[in-house]
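Peer 1: mind looking at a prediction? Sequence and model below.
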Amino acid sequence: RRRRMFSRRCIFDKVSKRFGMSAVRTGEIKALTGLRIVAALWVVFFHFRPLLWEASPRLKDELAPLLNAGAQGVDLFFILSGFVLTWNYLDRMGPSFKVKPTLHFLWLRLSRVWPVYLVTLHLAALWIIFTLHVGDVPSPDAAKLTAISYVRQVFLVQLWFEPFFDGTSWDGPAWSISAEWLAYLLFGALVLVIFRMTRVTRARGLLMLAFVASLPPTILLLGSGVFYTPWSWLPRIVAQFLAGALACAAVRRLRLTDRGQRLAGLGAVALTVTVVALLYHFDAHPVAGMVDPGGLVDVLFMPLVVTLAIGVGSLPALLSTRLLVYGGQISFSVYMVHEMIHTAWSWCVQQYHLELPNSVQKLVFVALIVAVLLGAMALYHWVEEPARRWMRRMVDYRDVRTDDRAGAPPSRLQSIDDAREARSARAV
């Protein structure tokens with residue numbers, strides 16, 4: 001049966017090639033991996049922007065509309081996460097629910113995020129303790145250094161009990177990992193539904209559903225004028241993760257001509273330009289009664305991810321370069337370590353009453369960004385990857401290797417953590 005399926009696949013591939021069509025199915029989507037470092041740096045510069053404005057006030061007028069919306073990079077991460085997990089697991093977990101593969105999936109997700117998460121959690125705790133015993137500027141999180149907070153953070157559930165994410169985690173960005181963990185727990189049921197939807201729904205219908213699924217945060221923003229309201233994190237993770245999953249299901253059903261791929265690549269460029277243009281438009285022409293109009297660009301993130309996944313051309317090629325793909329690989333560590341470095345420097349400025357000239361502040365800003373990147377590289381190579389492989393071996397004693405042969409039929413020995421996860425764009 002496997003040989004017949006493989007033979008049919010080869011025939012389809014030949015016919016598709018004959019008519020200039022390609023099926024979007026498996027393999028690494030390098031453009032989405034590269035997109036991750038863009039999203040991560042958007043968040044980094046969002047948190048570092050006060051330092052940048054002090055170092056170069058002129059840049060505030062030029063970059064404020066773009067950097068002030070940097071928190072939306074988290075929503076882009078949520079969409080990427082839903083897309084990539086569906087890309088990897090739809091065929092393996094979608095046909096039927098099985099406890100062992102589902103638990104296997106959850107363990108593999110922990111192996112991806114837990115090591116760096118736990119290291120940064122304890123580094124943040126040590127920093128809080130340090131500020132209690134050195135100097136006279138204790139960390140504002142000192143009161144939250146409690147046993148119950150620690151246990152909740154270790155088990156990634158700290159956000160589930162709070163209406164706002166601020167202050168839920170000692171390492172600020174960790175709130176989104178708690179939200180992601182909720183999405184992972186729901187994924188086993190979600191993938192069953194999407195698998196069945198994929199069998200009876202055309203690609204355009206799935207794309208429409210993905211767009212509709214991404215709307216709840218925007219609707220709430222239009223209703224209140226504020227992006228951050230009580231429990232707003234919940235529709236953000238659920239809606240954006242679901243939108244990414246449905247978008248992936250649509251992409252997997254597409255049969256693209258070369259012309260269609262080129263048009264998608266141009267569409268990715270147009271969407272990127274539109275996102276930036278809208279941010280500057282909202283800054284120049286504020287929307288009445290709306291505090292966070294930058295959140296409106298979230299509706300363009302799902303189409304952007306789709307066009308990058310299927311497109312060819314300048315922007316997909318740029319994001320697929322070796323440098324940006326490597327950046328995507330370390331992006332999770334960048335995201336997790338940057339706020340600790342920012343917090344440490346802010347403490348030094350306050351503790352020692354530092355007043356530096358602009359020229360020195362510029363050097364400090366560059367040094368802090370370099371420190372973030374170096375710290376992320378160290379975490380990736382010395383913690384994230386070694387610990388991930390170690391945890392994978394706990395549930396599969398074989399160090400799974402990728403069969404890179406194009407179109408190779410699946411082996412019976414391939415487990416749920418087989419080649420496609422290793423090759424695909426990494427999800428937070």
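Peer 2: In hand now; what should we look at? Source: prediction; values computed, not measured. Residues are numbered from 1 along each chain as shown.

Peer 1: need the contact list for the nearest residue in space to residue 59 that is not next to it in sequence.
Peer 2: Nearest residue to residue 59 in three dimensions, chain neighbours excluded: residue 52, at 6.1 Å (C-beta to C-beta, 6 or more residues apart in numbering). Heads up, the C-betas are built off the backbone N, CA and C, glycines and all. Neighbour list for residue 52: 45, 59-60, 63, 67, 365 [criterion: C-beta atoms under 8 Å, 6 or more residues apart in numbering].

Peer 1: just the buried residues from those, in ChimeraX please.
Peer 2: If you want just the buried ones from the contacts of residue 52 in ChimeraX, going by 16 or more other C-beta atoms under 10 Å, the selection is:
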select :45,67,365
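
Peer 1: name the element the residue nearest to residue 59 belongs to?
Peer 2: Element membership of residue 52 [criterion: DSSP states H and E] is helix 30-55.

Peer 1: next SSE after that helix?
Peer 2: Following helix 30-55 in sequence, per DSSP H and E, is helix 57-67.

Peer 1: tell me the average confidence for that following helix?
Peer 2: Mean pLDDT, helix 57-67: 93.

Peer 1: picking that back up, quick one: the contacts of residue 52 as TSV, columns for distance to residue 328 too.
Peer 2: Shown next, in TSV, are the contacts of residue 52 (distance: C-beta to C-beta, whole Å):
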residue	distance to residue 328
45	17
59	26
60	29
63	23
67	21
365	23
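
Peer 1: how far off centre is the helix holding residue 52?
Peer 2: Computed by C-alpha atoms, centre = their mean, to the nearest Å, the chain-centroid distance of helix 30-55 equals 12 Å.

Peer 1: okay, the angle between that helix and helix 57-67?
Peer 2: Between the axes of helix 30-55 and helix 57-67, defined by axes from the mean of the first three to the mean of the last three C-alpha atoms, to 10 degrees, the angle is 140 degrees.

Peer 1: what about the helices in the stretch 101-250 of the chain?
Peer 2: 147-154, 175-200, 203-213, 216-224, 233-253 (DSSP state H, counting those that start in this stretch).

Peer 1: what helices or strands is the last one leaning on?
Peer 2: So the one you mean is helix 233-253. helix 73-93, helix 175-200, helix 203-213, helix 216-224, helix 301-310 (3 or more C-beta pairs under 8 Å, 6 or more residues apart in numbering; DSSP states H and E).

Peer 1: kindly report the same for the second one.
Peer 2: With contacts defined as 3+ C-beta pairs under 8 Å, 6+ apart, the packing partners of helix 175-200 are helix 73-93, helix 99-133, helix 203-213, helix 233-253.

Peer 1: cutoff 6 Å now
Peer 2: helix 73-93, helix 99-133, helix 233-253 (3 or more C-beta pairs under 6 Å, 6 or more residues apart in numbering; DSSP states H and E).

Peer 1: in TSV, list these along with mean neighbour count and distance to residue 342.
Peer 2: Converted to TSV, the helices and strands packed on helix 175-200 look like this (neighbours: other C-beta atoms under 10 Å; distance: least, C-beta to C-beta, whole Å):
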stretch	mean neighbour count	distance to residue 342
helix 73-93	26	15
helix 99-133	18	12
helix 233-253	25	21
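
Peer 1: can you tell me the centre-most residue of this protein?
Peer 2: Centroid check for the chain by C-alpha atoms, centre = their mean gives residue 77 as the closest residue, at 2.5 Å.

Peer 1: neighbouring contacts of stretch 207-221?
Peer 2: 227, 235-236, 239, 242-243, 246-247, 250, 295, 298-299, 302 (C-beta atoms under 6 Å, 6 or more residues apart in numbering).

Peer 1: now with 8 Å, please.
Peer 2: 75, 79, 197, 201, 227, 229, 232, 235-236, 238-240, 242-244, 246-247, 250, 290, 292, 295-296, 298-299, 301-303, 306.

Peer 1: circling back: including mean pLDDT and distance to residue 376, could the helices and strands packed on helix 175-200 go into JSON lines?
Peer 2: Formatted as JSON lines, the helices and strands packed on helix 175-200 follow (pLDDT from 0 to 100; distance: least, C-beta to C-beta, whole Å):
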{"stretch": "helix 73-93", "mean pLDDT": "96", "distance to residue 376": "15"}
{"stretch": "helix 99-133", "mean pLDDT": "96", "distance to residue 376": "9"}
{"stretch": "helix 233-253", "mean pLDDT": "97", "distance to residue 376": "23"}
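
Peer 1: make CSV out of those and add distance to residue 382.
Peer 2: Listed next are the helices and strands packed on helix 175-200 as CSV, based on distance: least, C-beta to C-beta, whole Å:
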stretch, distance to residue 382
helix 73-93, 23
helix 99-133, 10
helix 233-253, 29
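
Peer 1: picking that back up, of all the helices of the stretch 101-250 of the chain, which lies closest to residue 118?
Peer 2: helix 147-154 (7.2 Å; C-beta to C-beta).

Peer 1: summarise which helices and strands that closest one is packed against.
Peer 2: Counting by 3+ C-beta pairs under 8 Å, 6+ apart, the packing neighbours recorded for helix 147-154 are helix 99-133.

Peer 1: I'd say the residue nearest to the centre of the chain and residue 39 touch.
Peer 2: Yes - under the criterion of C-beta atoms under 8 Å, residue 77 makes contact with residue 39 at 5.5 Å.

Peer 1: where does the residue nearest to residue 59 land on pLDDT?
Peer 2: Note on residue 52: pLDDT of 95.

Peer 1: quick check: closest non-adjacent residue to residue 372.
Peer 2: Residue 372 sits nearest to residue 338 (C-beta to C-beta, 6+ apart), 4.6 Å away.

Peer 1: now do the helix or strand that contains the one you found: distance to the chain's middle.
Peer 2: For residue 338, the host element (DSSP H and E) is helix 331-351. Relative to its chain's centre, helix 331-351 lies at 20 Å (C-alpha atoms, centre = their mean).

Peer 1: pLDDT of that helix, averaged?
Peer 2: For helix 331-351, the mean pLDDT works out to 97.

Peer 1: okay, buried residues for stretch 344-361 please.
Peer 2: 345, 347, 361.

Peer 1: so which of those residues is the closest to residue 29?
Peer 2: Among those, residue 345 lies closest to residue 29 (C-beta to C-beta), at 35.6 Å.

Peer 1: so who does that closest one touch?
Peer 2: Residues in contact with residue 345 (C-beta under 8 Å, 6+ apart) are 51, 364, 368.

Peer 1: and the gap between it and residue 220?
Peer 2: 34 Å (C-beta to C-beta, to the nearest Å).

Peer 1: save the helices of the stretch 101-250 of the chain as a markdown table, and put in distance to residue 314 too.
Peer 2: Listed next are the helices of the stretch 101-250 of the chain as a markdown table, based on distance: least, C-beta to C-beta, whole Å:
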| stretch | distance to residue 314 |
| --- | --- |
| helix 147-154 | 42 |
| helix 175-200 | 30 |
| helix 203-213 | 23 |
| helix 216-224 | 29 |
| helix 233-253 | 20 |
